[in-house]
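K.L.:
The sequence isn't on hand, but the structure is:
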């Protein structure tokens, strides 16, 4: 891989998932998506999908196609994990904790849906 390719992949990963999607808090692995994406990248239904870590399909849902920039007032409203056995798990917050963060890292999660909300709005 050339230096330019490595740099591109680094920029792409930061844009799509954030600077440090995995982190350790209180000795436990956690995962939080903090993308930096302009609204025009989302399709007409407000969706954008990508493959995370080469295995896990992540779909962002941004109904209003707002820019997702840090400190712009748009935050994760809801995260839904699609497990391999067809069940779904929804963490209480926008942060994925153990054991699910470890399962994502191991490629054992079928997919993740992340829903965004402008903090100035109330969704129905």
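P.N.:
Perfect, thanks for sending it. All of these numbers come straight from a predicted model, not from anything done at the bench. Numbers count the residues shown, from 1 in each chain.
K.L.:
Give me the below-cutoff pLDDT ranges for this structure.
P.N.:
1, 118-124 (pLDDT under 70).
K.L.:
at 90 what do you get?
P.N.:
The chain contains residues with pLDDT under 90 at 1-14, 69-76, 84, 86, 92-94, 117-124.
K.L.:
immediately after the helix of greatest length in it, which helix or strand?
P.N.:
If you go by DSSP state H, the chain has its longest helix at helix 3-17. Using DSSP states H and E, the helix or strand that directly follows helix 3-17 along the chain is strand 22-25.
K.L.:
Given that next one, what are its sheet partners and their directions?
P.N.:
strand 28-31 (antiparallel) (DSSP bridges).
K.L.:
Would you indicate which residues of the longest helix of the chain are buried?
P.N.:
16-17 (16 or more other CB atoms under 10 Å). In this view, the C-beta of every residue, glycine as well, is placed from N, C-alpha and C.
K.L.:
what's in contact with that helix?
P.N.:
1, 33-37, 50, 52, 58 (CB atoms under 8 Å, 6 or more residues apart in numbering).
K.L.:
What separation do you get for the most centrally placed residue in the chain and residue 73?
P.N.:
The residue lying closest to the centre of the chain (CA atoms, centre = their mean) is residue 33, at 3.7 Å. Counting by CB to CB, to the nearest Å, the separation of residue 33 from residue 73 is 17 Å.
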